[in-house]
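S.K.: got a predicted structure plus its sequence, pasted below:
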Amino acid sequence: ARSPHRTSATVLPLVIGLTLVTFLATLAASTKASATGGFDRTLRADYRLRAVSAGMHQPSMSPQVAKRLAGLPELAAVAAFQDTGATVAGQDSGVTSADPAQIGQVLSLKVTDGALRDLTTGAIAVSRQAAATLHLSVGSPVTVRTPHDQRVLTVRAVYDTSGLDDFVRPQLPVTDYLITPADYQRLAGGAGLTMILAKQREGAAPGAGRTAIERAIPDYPNVEIASRAELRRLAAAAIDPALRLLYSLLGLAIVVGLFGVVNTLVLSVLERVRELGLLRAIGMDRQQVRSMIRWEAVIMAAIGTTVGLSLGAFLGWAISRDLDLPATIPVAQLALFAAAALMVGVLAATLPARRAARVGRYGGQVVGAIGAMGCFSLQQGKHLSTGEGGIVVTDDPAHAWIRDTWAGHEVDPRLPMSSAGRHA
């Protein structure tokens, strides 16, 4: 490049923008992979039922919904969940109740100590994170207090929920404390259900379970039925607002890069007027000049894109590993970013390329280049001649006037020229 420092300054905003966007895209892809991975490992059920309303309060379902589903031949397991706010070991939290015999069929909880089958009346299962905070282990007594009652329960199992992040937890009935329905009735006294998980029987036709559920509860229009695939999409969609931010940053990086490349190319064209005029004089046509400028822009964009994508992907991979996320490189998105950046390079070169192609139209701008060539040829005892391929050096001593046939501008008549032909 004529000005390496200027070219570097032009590429730098593109590198920074793409590095930031690629880093965030990689981190978002890793987070989404973690969310969907934890979801797939934990949920065994095929359908989730939950009451919905237009307000902020989460409504409950009638226990009759679970009873009706339990009698459907299309379903292999139905687990009803209830939860309420409570104070556990002096800390505000919440407890969830479910039938221990059904939990293992709809959820796959990684038990690190004890066993869920030991969850009977007077027992409680605690998440590994809560157990570490409260210094609990199997056999430890825990005081659970609600506005209705207070009970001392014994820890019988410890399970790990670290694989479920904040994007997945709202979709599943997994909390830090799990008790039996009998203890829940004593503590909370409510009969309403928070959530129902249902597993379709093996061998049933796809969608048969959903159809059977809809037929069983036509008089409960506020109950929402979501399939496993729909829940998975909901968990992944929670990250989409961050992705929209990424696209905004990409647009900003493209705009900054566009102005930088245009500025550099315009200055480059202005500094290379004589060089471009000489290239036109010796036979380069307008299309070739435009193509040359475009390629310069594409090369600058390619350098910035390569450095930015590589650096951003590395940073995203490193941070994902540090956060214990499955490092995932979004190859398709990075390819889209690269294509957009290269397209910006082509668009940025449009105006400078047109300006460069017009240099040959003005004879005065080409005279300096031709004059320099003429002086060199005179020193060698030769003269300039115009032929079909452009201006060439010849031994012919004849002098002639030459007109610029590109735009009809007269070339300096003082130059020693041959009449062997006209300017191409």
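M.R.: Right, received. Where do you want to start? Numbers count the residues shown, from 1 in each chain.
S.K.: for this protein, which helix is longest?
M.R.: The residue-count maximum for a helix in the chain (DSSP state H) belongs to helix 4-42.
S.K.: tell me which residues of that helix are tucked away?
M.R.: Across helix 4-42, burial judged by 16 or more other C-beta atoms under 10 Å covers 7, 10-39, 42. Backbone N, C-alpha and C define where each C-beta goes, glycine included.
S.K.: and the next element down the chain from that helix?
M.R.: The helix or strand immediately downstream of helix 4-42 is strand 47-51, counting by DSSP states H and E.
S.K.: does Phe224 lie in a helix or a strand, and which?
M.R.: If you look again at residue 224, you'll see it is Glu, not Phe. strand 223-227.
S.K.: same question for Ala131.
M.R.: helix 128-134.
S.K.: which strands or helices does that helix pack on?
M.R.: Under the contact definition 3 or more C-beta pairs under 8 Å, 6 or more residues apart in numbering; DSSP states H and E, helix 128-134 sits against strand 91-97, strand 150-160.
S.K.: Ala357 touches Ser291, doesn't it?
M.R.: No. If you go by C-beta atoms under 8 Å, Ala357 and Ser291 don't touch, sitting 9.6 Å apart.
S.K.: which of these two has more neighbours?
M.R.: Ala357 (22 against 15; other C-beta atoms under 10 Å).
S.K.: where's that one relative to Arg228, distance?
M.R.: From Ala357 over to Arg228 the distance is 60 Å, taken as C-beta to C-beta, to the nearest Å.
S.K.: first to last residue in stretch 46-66, what's the distance?
M.R.: By C-alpha to C-alpha, to the nearest Å, the extent of stretch 46-66 from end to end equals 15 Å.
S.K.: got the buried residues for that stretch?
M.R.: 46-51, 60-62, 65-66.
S.K.: equivalent analysis for stretch 230-239, please.
M.R.: Neighbour-count burial for stretch 230-239 [16+ other C-beta under 10 Å]: 231-232, 234-236, 238-239.
S.K.: if we look at stretch 343-353, which residues are touching it?
M.R.: 254, 257-258, 261-262, 265-266, 268-269, 289-291, 293-294, 296-298, 300-302 (C-beta atoms under 8 Å, 6 or more residues apart in numbering).
S.K.: in helices only, show me those residues.
M.R.: Members of these lying in helices (criterion: DSSP H): 254, 257-258, 261-262, 265-266, 268-269, 289-291, 293-294, 296-298, 300-302.
S.K.: hmm, which of these are the buried ones?
M.R.: Among the ones in helices among the contacts of stretch 343-353, those classed as buried by 16+ other C-beta under 10 Å are 254, 257-258, 261-262, 265, 268-269, 289-290, 293-294, 296-298, 300-302.
S.K.: determine the longest strand present in the chain.
M.R.: Longest strand in the chain, counting residues (DSSP state E): strand 75-88.
S.K.: mean confidence score for that strand?
M.R.: For strand 75-88, mean pLDDT rounds to 91.
S.K.: that strand pairs with which strands?
M.R.: Note on strand 75-88: by DSSP bridges, its sheet partners are strand 91-97 (antiparallel), strand 141-145 (antiparallel), strand 195-200 (antiparallel).
S.K.: now the helix or strand containing Leu347, how far from the chain's geometric center?
M.R.: Using DSSP H and E, Leu347 sits within helix 331-348. Centre-to-centre, helix 331-348 and its host chain are 14 Å apart (C-alpha atoms, centre = their mean, to the nearest Å).
S.K.: same check on stretch 100-111?
M.R.: 34 Å.
S.K.: stretch 99-108 now?
M.R.: Distance of stretch 99-108 from its chain centroid, counting by C-alpha atoms, centre = their mean, is 35 Å.
S.K.: now stretch 226-237
M.R.: 19 Å.
S.K.: which of the buried residues of stretch 230-239 fall in helices?
M.R.: Among the buried residues of stretch 230-239, the ones falling in helices (DSSP H) are 231-232, 234-236.
S.K.: so which of the helices and strands packed on helix 128-134 is the most surrounded?
M.R.: For the helices and strands packed on helix 128-134, average neighbour numbers computed from mean count of other C-beta atoms under 10 Å are highest in strand 150-160, which has a mean of 18.
S.K.: what sits up against it?
M.R.: Strand 150-160 is contacted from outside by 109-116, 118-120, 122-128, 131, 136-144, 178-179, 183, 186-187, using C-beta under 8 Å, 6+ apart.
S.K.: weed out the non-buried ones from those residues.
M.R.: 109, 111, 113-114, 116, 119, 123-128, 131, 136, 138, 140, 142, 144, 178-179, 183, 186-187.
S.K.: please narrow those to those residing in helices.
M.R.: With helices taken from DSSP H, the overlap with the buried ones among the contacts of strand 150-160 comprises 128, 131, 183, 186-187.
S.K.: report the two of the residues you listed separated the most.
M.R.: Greatest spatial distance among those (C-beta to C-beta): Arg128 and Arg186, at 26.2 Å.
S.K.: pLDDT score assigned to the residue nearest to Gly345 when sequence neighbours are not counted?
M.R.: In space, and not counting its chain neighbours, Gly345 is closest to Ala301: 3.0 Å by C-beta to C-beta, 6 or more residues apart in numbering. Note on Ala301: pLDDT of 83.
S.K.: repeat that for the one 3 residues further on.
M.R.: Reading off the confidence values, Gly304 has pLDDT 86.
S.K.: can you tell me how far it is from Val346?
M.R.: Gly304 sits 14 Å away from Val346, going by C-beta to C-beta.
S.K.: any low-confidence regions in this protein?
M.R.: The model of the chain has pLDDT under 70 over residues 1-3, 54-57, 165-167, 242, 360-424.
S.K.: still on that earlier bit, ok and the longest helix of the chain relative to helix 331-348, angle-wise?
M.R.: Angle, helix 4-42 to helix 331-348, by axes from the mean of the first three to the mean of the last three C-alpha atoms, to 10 degrees: 150 degrees.
S.K.: helices and strands around helix 4-42, which ones?
M.R.: Counting contacts by 3+ C-beta pairs under 8 Å, 6+ apart, helix 4-42 is packed against helix 228-237, helix 240-271, helix 286-322, helix 331-348.
S.K.: may I see the ones you listed arranged in JSON lines, with distance to Gly192 as well?
M.R.: JSON lines is the format used below for the helices and strands packed on helix 4-42 (distance: least, C-beta to C-beta, whole Å):
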{"stretch": "helix 228-237", "distance to Gly192": "22"}
{"stretch": "helix 240-271", "distance to Gly192": "32"}
{"stretch": "helix 286-322", "distance to Gly192": "41"}
{"stretch": "helix 331-348", "distance to Gly192": "43"}
